[in-house]
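Trainee: Pasting the sequence and the predicted model now:
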Amino acid sequence: MGRATSKKARPLPGPMMTAEELADHLGMARQTIYDWVYYRKVPFYRFGRKGAAVRFDAQEVTAWLLEKRVAPLTEV
């Protein structure tokens, strides 16, 4: 008999964005987004083999950005 796994099911991703859409949304160059993917600095989903299409979950990217926020000295 197979063993029962205790892995929690991950929720399905929310609305997906392309690298170009994310770049436009953030006001950055598309190459910056691809650099972040290459160095795994941003959460993304890869479809197919390496070098294939990548997509970004808008909610995951928002959460990732909020983690990067640096508070101004007036808030500290």
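Mentor: Perfect, thanks for sending it.
Trainee: C-alpha only now, for contacts and for neighbours.
Mentor: OK.
Trainee: What are the neighbouring residues in contact with the residue most central in space within the chain?
Mentor: Centroid-nearest residue in the chain: P43, 2.6 Å away (criterion: C-alpha atoms, centre = their mean). By C-alpha atoms under 8 Å, 6 or more residues apart in numbering, the residues touching P43 are 37, 56-57, 60-61, 64.
Trainee: and the longest strand for the protein?
Mentor: Selection of the longest strand in the chain by residue count, based on DSSP state E, yields strand 54-57.
Trainee: list the helices and strands it packs on?
Mentor: Judged by 3 or more C-alpha pairs under 8 Å, 6 or more residues apart in numbering; DSSP states H and E, strand 54-57 is in contact with strand 16-17, helix 19-26, strand 45-46.
Trainee: change it to 6 Å
Mentor: Packing partners of strand 54-57 (3 or more C-alpha pairs under 6 Å, 6 or more residues apart in numbering; DSSP states H and E): strand 16-17, strand 45-46.
Trainee: give me the element L66 is part of.
Mentor: Taking DSSP states H and E as the criterion, L66 maps to helix 58-67.
Trainee: hmm, who's touching that helix?
Mentor: The contact list for helix 58-67 (C-alpha atoms under 6 Å, 6 or more residues apart in numbering) reads P15.
Trainee: what about the chain, any weak spots by pLDDT?
Mentor: Low-confidence segments of the chain (pLDDT under 70): 1-9, 51, 76.
Trainee: Tell me which helix or strand Y34 sits in.
Mentor: Assigned by DSSP H and E, Y34 belongs to helix 30-38.
Trainee: All set now, cheers.
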